[in-house]
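**Q** quick one, fold the following:
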Amino acid sequence: MQTEQCLSDYEISTDPRRLDVAVIHKFLAEDSYWSRGIPRSTVECAIENSLCFGVYQGAAQVGFARVVTDRSTFALLADVFILEAHRGKGLSKALMHRVVEHEDLQGLRRFLLLTSDAHGLYSQFGFKEIGSPARFMEVLRLDVYRSA
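**A** Residues are numbered from 1 along each chain as shown. Next up, the predicted model:
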């Protein structure tokens, strides 16, 4: 099922044709702390190669979440947001319910996310701090979007 009703005036859909890339890019490039300055072409490529969830009020996109996954063993939740004017209505919880219950994300060995400010939300859905952080390594380029 690609669309699910939630909270009367809103719906959540995984239909990629409904995604409003302009809204997504604007939020990520201008309003997020994690991808400020991200080029639109990068957002388009990320969307194309991910399982995406849009939150809509009528035809207007008001929220988003993206999951990078092989749909069998691993997933990384990224770019989760609800536009400010629509916050405080339970939409982030409804979105997270839809993400964790999605049929392609069942039976995963590892489901990761990175967040600086929403631990309370994600912990309600089983996410915990990494148990063995020394096992994880990364290449982090904080300024990668400044040169793009």
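
**Q** for residue 127, helix, strand, or coil?
**A** Under DSSP: H, G, I helix; E, B strand; the rest coil, residue 127 falls in the coil class.

**Q** okay, the spatially closest residue to it that is not a sequence neighbour: pLDDT?
**A** Nearest-residue entry for residue 127: residue 113, 6.2 Å, with adjacent residues in sequence omitted and distances by Cβ to Cβ, 6 or more residues apart in numbering. In this view, the C-beta of every residue, glycine as well, is placed from N, C-alpha and C. What the model reports for residue 113 is a pLDDT of 95.

**Q** residue 113: what's it in contact with?
**A** Residue 113 makes contact with 76, 77, 78, 80, 122, 127 under the criterion Cβ atoms under 8 Å, 6 or more residues apart in numbering.

**Q** how about TSV for those residues, with secondary structure and pLDDT added?
**A** Below are the contacts of residue 113 laid out as TSV (DSSP: H, G, I helix; E, B strand; the rest coil; pLDDT from 0 to 100):
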residue	secondary structure	pLDDT
76	strand	97
77	strand	98
78	strand	97
80	strand	97
122	helix	95
127	coil	94
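
**Q** which one of those residues is nearest to residue 34?
**A** residue 78 (8.3 Å; Cβ to Cβ).

**Q** state which helix of this structure is the longest.
**A** Using DSSP state H, we find that the single longest helix of the chain is helix 91-101.

**Q** ends of stretch 53-66, what's the gap?
**A** 6 Å (Cα to Cα, to the nearest Å).

**Q** any idea how far it is from the chain center?
**A** 11 Å (Cα atoms, centre = their mean, to the nearest Å).

**Q** now that stretch: buried residues?
**A** Neighbour-count burial for stretch 53-66 flags 53, 54, 55, 56, 57, 61, 62, 63, 64, 65, 66 (criterion: 16 or more other Cβ atoms under 10 Å).

**Q** one more: stretch 18-38?
**A** If you call a residue buried by 16+ other Cβ under 10 Å, then stretch 18-38 has these buried ones: 19, 23, 24, 25, 27, 28, 29, 35, 38.

**Q** now do the end-to-end distance for it.
**A** Where stretch 18-38 begins and where it ends lie 21 Å apart, using Cα to Cα.

**Q** of the contacts of residue 113, buried ones?
**A** Buried members of the contacts of residue 113, scored by 16+ other Cβ under 10 Å, are 77, 78, 80, 122, 127.
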